[in-house]
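# Below are the sequence and a predicted model; questions follow.
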Amino acid sequence: PWTLDDWLRAAERAIDEIRGRGRWPIVAGGTNLYLQALLYGLVEGPPPDPALRDELLAMTKEDLRRKLESCDPDAAARIHPNDIRRAVRVIEYAQGTGEALSEAQVQWEDACRSDMHFIGLIWPTEDINRRINARVGSMMERGLLAEVRDLHERQSLGAQ
């Protein structure tokens, strides 16, 4: 699986290569999480705990949500109830460190990189969602599902 950490290493490598050629890299797109990681860094946390993850994933969504709210209410307020992956990681962090991830992330608030300029566009959520839905619909019409199935099958067979 491709993780945020993998992307961050690849992005830093690409930025360094572009700067090494005397050029200015432009980083465009991505989710807020990825841009935050690039601008502010990542909070170091405990490694994934497969046994704990299995235990958490076996819980109902409601029980998992209650557990998240009890160990990190601030993160729970930001994480959508359907975002199981992030909820599990926040709980895993709290159990592994004894502190809330939202408290650890505060250390990065004033530590933004000084070697970048940030330009952002702010659009109303309804407009963004409409554009995303139209784009995904168009991608589906052009064969996205078949492409993903083909990639999955090739990966399962060990083909490159």
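That came in fine, so what should we check first? Numbering: from 1, shown residues only.
# Go through stretch 34-54 and flag the buried ones.
Buried residues in stretch 34-54, counting neighbours by 16 or more other C-beta atoms under 10 Å, are found at 36-38, 40, 43. (C-beta placed from N, C-alpha, C; glycine too.)
# scratch that, stretch 8-23
11, 15.
# And for stretch 89-108?
Neighbour-count burial for stretch 89-108, counted by 16+ other C-beta under 10 Å, picks out 89-94, 100-102, 104-105.
# same question, stretch 78-92
Buried residues in stretch 78-92 (16+ other C-beta under 10 Å): 79, 84, 87-92.
# Dump these to TSV, plus distance to Leu64 and secondary structure.
Shown next, in TSV, are the buried residues of stretch 78-92 (distance: C-beta to C-beta, whole Å; DSSP: H, G, I helix; E, B strand; the rest coil):
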residue	distance to Leu64	secondary structure
Ile79	11	coil
Ile84	7	helix
Ala87	6	helix
Val88	7	helix
Arg89	12	helix
Val90	10	helix
Ile91	8	helix
Glu92	12	helix
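# shaky segments in the chain?
Where the chain drops to pLDDT under 70, the residues are 106-111, 158-160.
# which element is the residue nearest the centre of the chain on?
Centrality entry for the chain: nearest residue to the mean C-alpha point is Leu33, 5.0 Å, by C-alpha atoms, centre = their mean. Per DSSP states H and E: Leu33 is located in helix 32-40.
# next SSE after that helix?
Note on helix 32-40: by DSSP H and E, the next helix or strand toward the C-terminus is helix 50-57.
# what comes into contact with that following helix?
With C-beta atoms under 8 Å, 6 or more residues apart in numbering as the test, helix 50-57 has contacts from 64, 67, 84, 87-88, 91-92, 95.
# Among the residues you listed, which pair sits farthest apart?
Farthest pair in the contacts of helix 50-57 (C-beta to C-beta) is Ile84 and Gln95. Separation: 16.2 Å.
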